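Q: Make a model of this:
(chains A and B)
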Amino acid sequence: MQNEKVITAKELTKRFGSFTAVDKISFDVKKGEIFGFLGANGAGKTTAMRMLCGLSLPTSGAATVAGFDVYEQNELIKKNIGYMSQKFSLYEDLTIRENIKLYAGIYGLTDERIKEKTTMLLKDLHMEGEEKTLVRALPLGWKQKLAFSIAIVHDPAIVFLDEPTGGVDPITRREFWTLIYEASAKGITVFVTTHYMDEAEYCNRVSIMVDGRIDALDSPANLMKNHSAKSMDDVFLQLARKAVRKE
Amino acid sequence: MRVLKFLLQKELRQIFRDKATIRVLFIMPMVQLLILPLAADYEIKNINLGIVDHDHSEYSRNLSNKIISSGYFRLRDYSPSFQQGIHAIEKDKTDLILEIPSHFERDLVKENEATLFVAVNAINGVKAGLGGAYIQGIIQGYNQDVRMQWIQFPRFDPRPTIEVTFSDWFNPNMNYHVFMVPGILVLLVTIIGSSFASNNIVREKEMGTIEQINVSPIKKWQFILGKLIPFWMLALTVLTFGLTIARLVYGIVPLGHYITIYIFAAIYLLAILGLGLLLSTYAQTQQQSMLVSFFITMIFNLLSGLFTPIESMPVWAQMITKFNPVSYFIEVMRMVVLKGSGLADIRYHILAMIGFAVFFNSWAILNYRKRSG
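A: Take a look at the predicted model:
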């Protein structure tokens, strides 16, 4: 069970016209892992993630997510994953409670379960008493934490996080990672992209994308050893400097 | 079905939370229904008349008086020469000149024949056409009067004449309000429905919220229905509101049943909203969708037969109106309101509208993609 693969990608490629955004990437993600997906802006992280989530059709290559094929079974994949996009995408003109209810309802939770989940979620986020606040009025950090909690409201097998902590202060970032660990402890596989190298060190394994290709993939400790670097920052700089492609 | 319930709940909440939009939704029809019918009246009054009288006789004065007392004309200029009369038209003081030649009375009396000259400012075609026709009618009446005065014997005019009497069926008083108000209401519901629907999905694209929907297992038809139903209810409410104004303000009570109007409107709105949603699946920004829906509703409205009879359009334009849902609803409205038509009378209209509704909505569902290529 421990080595069960929940995501497999083989030579997965996405081209937009003559531009190859993602160039034959291959990797596996094991169940329960926190998998860091690193890369400079424009390296192709988001495109790769969107293909895995069934939001974008791959040009070639193969991939399965939660045991389902990305070409044919994309709607089945969607039942089993949570996704938090780079751009905040909950409804700003709905309240916290209404957003939770909407997404819990969409994923088919029963009324009773929705109630339970709402109470639990508000408590975990320390947002009790705020359930009638419009999401628009929340500070960015709160919004991001709420978006994450709603992305896993249906206890998916995998959650995809696209730069979840972009623009968030260090304290909230730490709290956010606590939430990620809690989700991971519940058995949810976490697939996360980030720019922050301290966050990369929280991951079990990280891959580093340069110009649409995966240039390195290992645990943070091994990566530092192999690149004789003192920190993940060094590793990243060594690899990312090789990029030819502009943003 | 359960998913649909959550989507409807969400959509209705968003609609009712946006108080400004709701206000506009009800103020707009009120203003339009109270003001537009007054403007959209084909009977033209207050045509500015210039008279150039070279004759200065009793007959020429009688003629002038008759024209002015008809109520359609206002004497705005009385020039001694035609040149000056034209000048008044050029300055937009008058719309029409009647030139009475010198010896008008003498010719009429001695030779039984006289000529008059009418010059019309045709910049406003409607005014020119109707003004010319009115003045011709009045002059003819005057001619009849003159003949009646002179010819005592024989009692019967030896020349046969045909006299025509009119009776306006379905609208005996030719009341323009009865004719226009229901039609304007149709345009109103159409504009509100299509612009609301066409903007909505695009708004979700712009905000990025559609991404979170697309990554969920929602079915495409659920999403489209979740948008369609709330707008459909809203548009029917606006229609009800408009029919109430029509009744209270203009005293328009349909000869047929309200239920006939509602049944047709229900199908019609599905078609119009479907078209709006279809546009919004193509557009990437609200600006694009607004422009396109504005363009389409403009064509639909002008080719709807509300302002100009479809029968007088060129054949190719008449063909286009067959593909214009608005023209069907306007016809149905007039049939039900003025003639008292029932469901059986409008069955072909209903069938055509079901066709439109199925066509636009299926296309919208097909074209809405949860996954980009």
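Q: what about the closest residue to chain B within chain A, neighbour count?
A: Taking C-beta to the nearest C-beta as the measure, the point where chain A comes nearest chain B is residue A:105, at 3.3 Å. In short, each C-beta sits where N, CA and C put it, glycine included. Each residue near residue A:105 was counted by other C-beta atoms under 10 Å in any protein chain shown, and the total is 21.
Q: Chain A contacts on chain B?
A: B:2-3, B:5-7, B:9-10, B:13-14, B:17-18, B:207-218, B:370-373 (C-beta under 8 Å from any C-beta of the partner chain).
Q: same thing but 10 Å
A: With C-beta under 10 Å from any C-beta of the partner chain as the criterion, chain B meets chain A at residues B:2-7, B:9-10, B:13-15, B:17-18, B:204, B:207-220, B:222, B:369-373.
Q: Now, of the residues you listed, which are buried?
A: The neighbour count (16 or more other C-beta atoms under 10 Å in any protein chain shown) marks B:3-4, B:6-7, B:9-10, B:13-15, B:204, B:207, B:209-218, B:220, B:222, B:370-371 as buried among those.
Q: From what I see, residue A:198 and residue A:236 are in contact.
A: No: using C-beta atoms under 10 Å, residue A:198 is not in contact with residue A:236; the gap is 11.4 Å.
Q: Who has more neighbours out of those two?
A: Per other C-beta under 10 Å, whichever of residue A:198 and residue A:236 has more neighbours is residue A:236, with 23 against 14.
Q: where does that one land in three-state SS?
A: When classified by DSSP: H, G, I helix; E, B strand; the rest coil, residue A:236 comes out as helix.
Q: where's it relative to residue A:228, distance?
A: Distance check for residue A:236 against residue A:228: by C-beta to C-beta, to the nearest Å, it reads 14 Å.
Q: residue contacts, whatever residue of the stretch 1-150 of chain B ends up closest to chain A?
A: In the stretch 1-150 of chain B, the residue found nearest to chain A is residue B:6; the distance is 3.3 Å by C-beta to the nearest C-beta. Applying C-beta atoms under 10 Å, 6 or more residues apart in numbering or on different chains to residue B:6 gives the contacts A:98, A:101-108, A:114, B:218, B:222, B:226.
Q: List buried residues within these.
A: Looks like the contacts of residue B:6 have A:98, A:101-107, A:114, B:218, B:222, B:226 buried, using 16+ other C-beta under 10 Å.
Q: Now render those residues as CSV, adding distance to residue B:274 and secondary structure.
A: Below are the buried ones among the contacts of residue B:6 laid out as CSV (distance: C-beta to C-beta, whole Å; DSSP: H, G, I helix; E, B strand; the rest coil):
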residue, distance to residue B:274, secondary structure
A:98, 27, helix
A:101, 28, helix
A:102, 24, helix
A:103, 27, helix
A:104, 30, helix
A:105, 25, helix
A:106, 23, helix
A:107, 28, coil
A:114, 32, helix
B:218, 19, coil
B:222, 15, helix
B:226, 14, helix
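Q: which secondary structure element contains residue B:364?
A: Counting by DSSP states H and E, the element that carries residue B:364 is helix B:347-367.
Q: tell me the mean pLDDT over that helix?
A: Averaging pLDDT along helix B:347-367 gives 95.
Q: Which strands and helices lie in contact with it?
A: When contacts are defined as 3 or more C-beta pairs under 10 Å, 6 or more residues apart in numbering or on different chains; DSSP states H and E, helix B:347-367 packs onto helix B:220-250, helix B:258-282, helix B:325-334.
Q: Dump those helices to CSV, plus mean pLDDT and distance to residue B:122.
A: As requested, these are arranged in CSV below (pLDDT from 0 to 100; distance: least, C-beta to C-beta, whole Å):
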stretch, mean pLDDT, distance to residue B:122
helix B:220-250, 92, 32
helix B:258-282, 94, 37
helix B:325-334, 93, 28
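Q: Any chance of these in CSV with distance to residue B:199 as columns?
A: Output for the helices and strands packed on helix B:347-367, formatted as CSV (distance: least, C-beta to C-beta, whole Å):
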stretch, distance to residue B:199
helix B:220-250, 10
helix B:258-282, 7
helix B:325-334, 19
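Q: what's the most buried one of the ones you listed?
A: With neighbours defined as mean count of other C-beta atoms under 10 Å in any protein chain shown, the helices and strands packed on helix B:347-367 peak in mean count at helix B:325-334, which reaches a mean of 24.
Q: secondary structure class for the residue positioned nearest the centre of chain A?
A: The C-alpha lying nearest the average C-alpha coordinate of chain A belongs to residue A:161 (C-alpha atoms, centre = their mean; 1.9 Å). When classified by three-state DSSP, residue A:161 comes out as strand.
Q: tell me which element the nearest residue to it once chain neighbours are set aside is part of?
A: Spatial nearest neighbour of residue A:161, chain neighbours left out: residue A:192 (4.3 Å); criterion: C-beta to C-beta, 6 or more residues apart in numbering or on different chains. Assigned by DSSP H and E, residue A:192 belongs to strand A:189-194.
Q: remind me, longest helix of chain A?
A: Looking across chain A with DSSP state H, the single longest helix is helix A:170-185.
Q: Average pLDDT for that one, rounded please.
A: The pLDDT scores in helix A:170-185 average 93.
Q: returning to what we had before: distance of the residue nearest to the centre of chain A from residue A:152?
A: As judged by C-beta to C-beta, residue A:161 and residue A:152 stand 10 Å apart.
Q: What of residue A:18?
A: Plainly put, residue A:18 is 38 Å away from residue A:152 if you go by C-beta to C-beta.
Q: same thing with residue B:369?
A: Relative to residue A:152, and taking C-beta to C-beta, residue B:369 is found at 26 Å.
Q: Could you do residue A:56 as well?
A: 22 Å.
Q: the strands in chain A, which residues?
A: For chain A, the strands defined by DSSP state E occupy A:5-16, A:19-30, A:34-39, A:60-65, A:68-69, A:81-84, A:158-162, A:189-194, A:205-210, A:213-218.
Q: of those, which approaches residue B:62 most closely?
A: With respect to residue B:62, and counting by C-beta to C-beta, the nearest of the strands of chain A is strand A:5-16 at 83.9 Å.
Q: What strands flank that closest one, and is each parallel or antiparallel?
A: Using DSSP bridges, the strands paired with strand A:5-16 are strand A:19-30 (antiparallel), strand A:60-65 (antiparallel).
Q: Give me the distance from stretch A:221-241 to the chain's centre.
A: Here the centre of stretch A:221-241 is set off from its chain's centre by 22 Å, with C-alpha atoms, centre = their mean, to the nearest Å.
Q: what do you get for stretch B:29-42?
A: 10 Å.
Q: what's the answer for stretch B:176-193, then?
A: Relative to its chain's centre, stretch B:176-193 lies at 7 Å (C-alpha atoms, centre = their mean).
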